[in-house]
Structures are given as C-alpha cells and as structure tokens.
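Novice: Sharing a model that was predicted from the sequence below.
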Amino acid sequence: MIYPAVPIEAFEVRLNDLSLRTTFRTHRKTLRHHSTVVVRVRAGGTWGEGEAYTMDPSGVAEVLRALRLEGSDPFGVCAITERIEIQAARSAVDLALHDWIGRSLGLPVYRYLGLPSVPRTSCVSVGVDEPERMIHAAERWIKEGYPILKVKITTDTDPAVLTEIRRLGGESLEIWVDANQAFEPEQAVRVSRRLSAVGVSILEQPLSVGRIDDYAALRPHLAIPVILDEEIQSAADVARAARAGGIDGINIKLAKLGGVQESLRAIRVARAHGLSVLIGCFFESSLGIAASTHLQSLADRVDLDAPLFLENDPYTGLEFDGAVVAPPERVGIGVTRQVSRNRGS
Ligand SMILES: [Mg+2]
C-alpha cells in the first residue's frame with residue numbers, strides 16, 4: 001500500500017510558557033520562566049506537534065507564522081525545512097512533521113528512522129551558584145540515586161566545589177563539567193588539571209564560540225576530553241571542528257541544529273571523524289525532550305534532564321525512571337498535551 005498524498009491542511013504556532021522549579025544559572029544565562037515555540041501541523045485529519053527552545057520565542061514565532069505551509073506535502077520534511085533559516089524555527093517544524101509521519105504510519109519516530117529503542121541514563125545538571133548551594137544541589141541528586149552529574153562552572157567557580165561533589169558521590173559518580181564558553185585558553189588548561197584530579201570525565205565548551213582553531217594547540221595541554229556545544233550548530237560545523245582538530249566530541253541539540261534531519265547528518269559526520277556524540281537539550285518540555293530520545297541510541301552520552309526541572313510540563317508520556325529515559329512506545333514523538341498553558345497565534 002502506498003500512503004495517499006495529503007497536503008498540510010492547518011498549521012499553528014504557539015508559545016509554551018514554562019517555569020523551572022528553581023532559578024538555573026550558567027556562565028551565559030539565568031533562567032526561571034521562559035517560553036518555547038510549538039508548531040502544530042494537520043494533514044489527513046492527523047495532527048503532529050514539535051517544539052523548540054529559542055532565546056527569542058516571539059521573533060521565531062513570527063518567522064514561523066509567515067511560512068504558510070498549508071498545501072505542502074507533510075512527508076517532504078527536507079523540502080519544507082530547507083526554506084527555514086533559523087535553526088529553532090526549522091527544528092519546531094521538523095519535529096512536528098516527524099511527529100505527524102509517525103502518527104500517520106502508526107510508528108514511533110525511532111522505528112521509521114530505522115533506529116533501536118535504547119534506554120539511556122541522562123546526566124542531571126547543577127547550575128552555577130554559591131559553592132554551598134551547588135554542593136547542596138549535587139548532594140540532593142546523589143542521595144536520590146542519580147549517577148551522572150553535569151556541573152556548570154564559570155571563571156569564579158571554586159574548584160573545591162568539585163572536590164566536595166566527588167567526596168559526596170564517591171568513585172562511582174560520573175561528573176561532567178560545562179564551562180559554557182567561560183575561559184581563555186590558559187585558564188582552560190589550569191581548570192582541566194584540577195578537574196582531572198577529581199576524576200571529571202569531560203569538559204564542555206571551555207572557550208568562546210569562534211575560537212575553534214585554538215583547540216588543536218590547546219588539546220595536548222588539556223587533561224580531559226573536550227566536547228563542543230555552542231560551537232556546533234550544523235553538520236558543517238562538525239566537519240569544520242574535525243578539520244580544525246583538538247576536540248573529542250560534540251553536543252547535539254535538536255533546537256540548536258534545526259531538527260532531526262540535520263542532527264542525524266551531524267551525528268554521522270561526527271562518527272566518520274571518530275568524535276564522540278552527546279545528545280543534549282535546552283529547557284524544553286517533554287515534547288522537545290521526547291523527540292531527542294528517539295535519536296539517543298546514536299549517542300555515547302545523554303543529557304536530557306529538562307523535564308526533571310520543570311514545574312509545569314504540559315506534556316505527558318515521557319517517563320523517567322530516576323535518570324533512565326527511553327523513547328515513548330507510542331506513535332510519533334509519543335507525548336500528549338495535558339493542559340492548555342500556551343498563548344495562541
Ligand atoms: Mg553545554
């Protein structure tokens with residue numbers, strides 16, 4: 001049977017107003033309340049829904065509303081999304097179309113992508129804060145049995161915080177560190193030695209974006225593997241980073257790269273260059289995070305902890321067992337909207 005051609009009949013753009021349980025800080029931003037962009041497409045009577053985090057939700061929503069996708073072929077994901085320049089806008093549409101295809105075919109996204117369903121253990125994040133508060137936050141996660149922490153640091157983070165977290169978690173605790181572009185190269189070298197001494201396994205994005213050529217010279221002096229995050233916004237960026245050298249892996253986030261299709265390309269380019277892959281996230285609801293779980297079998301590491309921080313996740317269907325998460329065994333992305341907490345288009 002060939003699935004009948006059906007045009008997109010309706011296309012909606014909304015903002016999802018989300019709140020975190022507590023304020024979360026990194027070197028570059030502070031979050032408590034924010035909005036993500038949600039796109040809904042309907043074709044053949046079936047709806048598909050996608051979400052993306054952006055620093056400019058109103059601007060991205062405006063770009064999306066101007067698209068006029070009605071009449072397009074909803075299976076034509078690449079043809080539709082290549083017209084959209086802004087990654088977050090592209091990602092919201094890409095996810096909505098993947099959700100629609102899965103719902104129409106009666107399959108979870110991972111299945112029609114030809115990928116296995118693999119449960120993975122996500123890290124949980126500890127934000128930048130006063131030392132006692134960072135240690136307290138880490139201690140809470142450790143006591144609740146979370147085995148991997150990603151600790152956000154900045155230039156004035158006391159290294160004793162990491163030493164204390166290691167003491168609390170013991171040798172079995174896995175610790176990753178994310179600098180969110182905080183350092184100059186010399187600082188990165190000094191910090192990496194301290195991190196290595198307490199058994200931190202990766203250092204994410206130590207230098208500011210645009211310094212990709214500095215890593216080749218820096219890497220021999222860095223005591224732990226380096227993962228690039230903010231620097232990587234496309235498959236072409238992965239190729240550029242691999243050519244420049246000096247990095248060990250990349251952090252893929254759907255909203256940062258422009259959705260499932262570009263993320264798959266980026267992961268394959270990374271693998272072809274022997275780079276490790278981390279699948280990460282922003283503070284999206286279970287809709288955006290569930291979409292990422294469909295690709296997680298392709299990753300070495302998973303950072304999909306956003307739903308654990310949200311006070312008002314409007315979607316259900318993505319289940320965490322502690323830190324372990326798997327793609328929902330339902331059609332499409334696999335989550336359902338529960339309450340209407342959005343602003344209409
Ligand atoms: Mg990061």
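Specialist: Perfect, thanks for sending it.

Novice: Find the nearest non-adjacent residue to whatever residue of the chain ends up closest to the ion, please.
Specialist: Residue nearest to the ion within the chain (Cβ to the ion): residue 229, separated by 3.6 Å. C-betas here are computed from N, CA, C, even on glycine. Among residues not flanking residue 229 along the chain, residue 251 sits closest, at 3.8 Å (Cβ to Cβ, 6 or more residues apart in numbering).

Novice: got the CA coordinates for the helix or strand containing the one you found in PDB?
Specialist: Using DSSP states H and E, residue 251 falls within strand 249-252. What follows is strand 249-252, C-alpha atoms only, in PDB (Å, rounded to 0.1, in the frame of the first residue of the first chain):
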ATOM      1  CA  GLY A 249      33.300  15.100  20.800                       C
ATOM      2  CA  ILE A 250      30.200  17.200  20.100                       C
ATOM      3  CA  ASN A 251      27.000  18.000  21.800                       C
ATOM      4  CA  ILE A 252      23.900  17.700  19.600                       C
END
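
Novice: Wait, the residue nearest to residue 229 touches residue 227, no?
Specialist: Yes: here residue 251 reaches residue 227: they are 5.5 Å apart, a contact under Cβ atoms under 8 Å.

Novice: joint contacts of those two?
Specialist: Common neighbours of residue 251 and residue 227, using Cβ atoms under 8 Å, 6 or more residues apart in numbering, are 204, 205, 278.

Novice: Which of the residues you listed has the largest number of neighbours?
Specialist: Within these, most neighbours by other Cβ atoms under 10 Å means residue 204, with 25 neighbours.

Novice: ranges for the helices of the chain?
Specialist: Along the chain, counting by DSSP state H, helices occupy 57-65, 77-81, 87-105, 109-112, 131-143, 160-169, 185-197, 215-218, 235-244, 254-257, 260-272, 286-293, 306-309.

Novice: Let's have these in TSV, adding distance to residue 35.
Specialist: Below are the helices of the chain laid out as TSV (distance: least, Cβ to Cβ, whole Å):
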stretch	distance to residue 35
helix 57-65	4
helix 77-81	22
helix 87-105	12
helix 109-112	24
helix 131-143	25
helix 160-169	31
helix 185-197	33
helix 215-218	34
helix 235-244	26
helix 254-257	13
helix 260-272	22
helix 286-293	12
helix 306-309	14
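
Novice: Please identify which of those helices is closest to residue 4.
Specialist: The closest of these to residue 4 is helix 87-105. By Cβ to Cβ, the value is 10.0 Å.

Novice: Give me the contact list for stretch 143-156.
Specialist: With contact meaning Cβ under 8 Å, 6+ apart, stretch 143-156 is reached by 25-27, 121-128, 134, 138, 141-142, 161-162, 165, 169, 172-180, 182-183, 187, 191, 200, 204, 303, 305, 322-323.

Novice: near the ion, from those residues?
Specialist: 178, 204 (Cβ under 5 Å from the ion).

Novice: Now list the buried members of the contacts of stretch 143-156.
Specialist: The neighbour-count criterion (16 or more other Cβ atoms under 10 Å) marks 25-27, 121-128, 134, 138, 141-142, 161-162, 165, 169, 173-180, 182-183, 191, 200, 204, 303, 305, 323 among those as buried.

Novice: and the residues you listed, which of them are in strands?
Specialist: Within the buried ones among the contacts of stretch 143-156, residues falling in strands by DSSP state E are 25, 121, 124, 125, 126, 174, 175, 176, 177, 178, 200, 204.

Novice: In contact with the fourth one, which residues are there?
Specialist: Spelled out, it's residue 125. Contacts for residue 125 (Cβ under 8 Å, 6+ apart) come out as 24, 149, 150, 151, 152, 178, 303, 305, 309.

Novice: okay if I get the residues you listed as JSON lines plus pLDDT?
Specialist: Listed next are the contacts of residue 125 as JSON lines, based on pLDDT from 0 to 100:
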{"residue": "24", "pLDDT": "92"}
{"residue": "149", "pLDDT": "98"}
{"residue": "150", "pLDDT": "98"}
{"residue": "151", "pLDDT": "98"}
{"residue": "152", "pLDDT": "97"}
{"residue": "178", "pLDDT": "97"}
{"residue": "303", "pLDDT": "98"}
{"residue": "305", "pLDDT": "96"}
{"residue": "309", "pLDDT": "95"}
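
Novice: ok, those vs residue 235, which is closest?
Specialist: residue 303 (19.8 Å).

Novice: Show the contacting residues for the residue nearest to residue 87 when sequence neighbours are not counted.
Specialist: Leaving aside its sequence neighbours, residue 87 sits nearest to residue 258 (Cβ to Cβ, 6+ apart; 4.2 Å). Counting by Cβ under 8 Å, 6+ apart, residue 258 makes contact with 81, 84, 87, 90, 91, 94, 234.

Novice: Tell me how far residue 258 lies from residue 311.
Specialist: 28 Å (Cβ to Cβ, to the nearest Å).

Novice: Tell me the residues of the stretch 101-250 of the chain that contact the ion?
Specialist: By the rule Cβ under 5 Å from the ion, the part of the stretch 101-250 of the chain lying against the ion is 178, 204, 229.

Novice: so where's the protein shaky on pLDDT?
Specialist: Counting by pLDDT under 70, the chain has low-confidence residues at 339-345.
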